[in-house]
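Peer 1: predicted model and sequence below, questions to follow.
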Amino acid sequence: MKIADIRGLTPDQLAETLLNLKKEQFNLRFQAATGQVEKTHRVNEIRKDIARIKTVLRAKAAA
């Protein structure tokens, strides 16, 4: 997810997207623990997307 796309979302949409990403991250951790994960790079992508969303949410709250 690109930062320009994230900045265009409302805080409610960002919170929903954040929740979905955290659920996906949780599922990927379980898959990694059992050795079933196919796309290992997705773990890092999700982690970075979560950080981007949290950064934008924090900036919007401060504004």
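Peer 2: All right, it came through fine.
Peer 1: the most centrally placed residue in the chain: what secondary structure?
Peer 2: Nearest residue to the geometric centre of the chain (Cα atoms, centre = their mean): Ile50, 3.1 Å. Counting by DSSP: H, G, I helix; E, B strand; the rest coil, the backbone at Ile50 sits in helix.
Peer 1: just the buried residues of the host helix or strand of Ala59, please?
Peer 2: For Ala59, the element it lies in under DSSP states H and E is helix 41-62. For helix 41-62, a neighbour-count test (16 or more other Cβ atoms under 10 Å) marks Val43, Ile46, Asp49, Ile50, Arg52, Ile53, Val56, Leu57 as buried. C-beta coordinates here come from the backbone N, C-alpha and C atoms, glycine included.
Peer 1: ok, so of these, who is nearest Thr17?
Peer 2: Ile53 (6.1 Å; Cβ to Cβ).
Peer 1: and the closest one, what is it in contact with?
Peer 2: Ile53 makes contacts with Met1, Ile6, Leu14, Thr17, Leu18, Leu21, as judged by Cβ atoms under 8 Å, 6 or more residues apart in numbering.
Peer 1: you'd agree the second one is up against Leu14?
Peer 2: Yes - with contact defined as Cβ atoms under 8 Å, Ile6 reaches Leu14; the gap is 7.0 Å.
Peer 1: biggest helix in the protein by residues?
Peer 2: For the chain, the helix reaching the highest residue count under DSSP state H is reported as helix 11-34.
Peer 1: circling back: the helix holding Ala59 - what's its average pLDDT?
Peer 2: In this model, helix 41-62 carries a mean pLDDT of 96.
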